[in-house]
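# Would you be able to build a 3D model of this:
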Amino acid sequence: MTGQGDAADPRGVIREAYAIEGIGPEDCRSIFLDWALTVPAEADTEALIRTLLARHGTPDHPMTAVLREGLGTVRPRRRGGAVGRRGGSV
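Purely as a prediction, here's the structure:
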């Protein structure tokens, strides 16, 4: 389930999820996790999700719900090194 994509969906997995007839929320969550794990650490995940929603966001599709949930959980990544050990803010 991979294909040519772009910066927001490099492997095309989100696009393909929208094309799968009868896909359920569990499968969409799994695909979203796969997508999220391949996003570069320096990427603006919130902006990428918003791009995907604008492009594919069919209101009643389970992937749309998963992407919206993803927006609600986007948090800054933990910083390593001394700042991380001292509890500094991101």
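
# List of residues touching the helix ranked longest in the chain?
Longest among the helix segments of the chain by residue count, using DSSP state H, is helix 25-38. The contact list for helix 25-38, computed with CB atoms under 8 Å, 6 or more residues apart in numbering, reads 1, 9-11, 13-14, 16-17, 20, 45, 62-63, 65-67, 70. Placement of C-beta: from N, CA and C, glycine included.

# Just the buried residues of that helix, please?
Cys28, Arg29, Ile31, Phe32, Trp35 (16 or more other CB atoms under 10 Å).

# filter the contacts of helix 25-38 to the buried ones?
Counted by 16+ other CB under 10 Å, these give Asp9, Pro10, Val13, Ile14, Glu16, Ala17, Thr45, Pro62, Met63, Val66, Leu67, Gly70 as buried.

# okay if I get those as JSON lines plus secondary structure and pLDDT?
Formatted as JSON lines, the buried ones among the contacts of helix 25-38 follow (DSSP: H, G, I helix; E, B strand; the rest coil; pLDDT from 0 to 100):
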{"residue": "Asp9", "secondary structure": "coil", "pLDDT": "95"}
{"residue": "Pro10", "secondary structure": "coil", "pLDDT": "91"}
{"residue": "Val13", "secondary structure": "helix", "pLDDT": "97"}
{"residue": "Ile14", "secondary structure": "helix", "pLDDT": "97"}
{"residue": "Glu16", "secondary structure": "helix", "pLDDT": "97"}
{"residue": "Ala17", "secondary structure": "helix", "pLDDT": "97"}
{"residue": "Thr45", "secondary structure": "helix", "pLDDT": "94"}
{"residue": "Pro62", "secondary structure": "helix", "pLDDT": "98"}
{"residue": "Met63", "secondary structure": "helix", "pLDDT": "98"}
{"residue": "Val66", "secondary structure": "helix", "pLDDT": "97"}
{"residue": "Leu67", "secondary structure": "helix", "pLDDT": "97"}
{"residue": "Gly70", "secondary structure": "helix", "pLDDT": "94"}
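
# from those, which two are the most distant?
Maximum pairwise distance in these, criterion CB to CB, is 21.7 Å, between Pro10 and Pro62.
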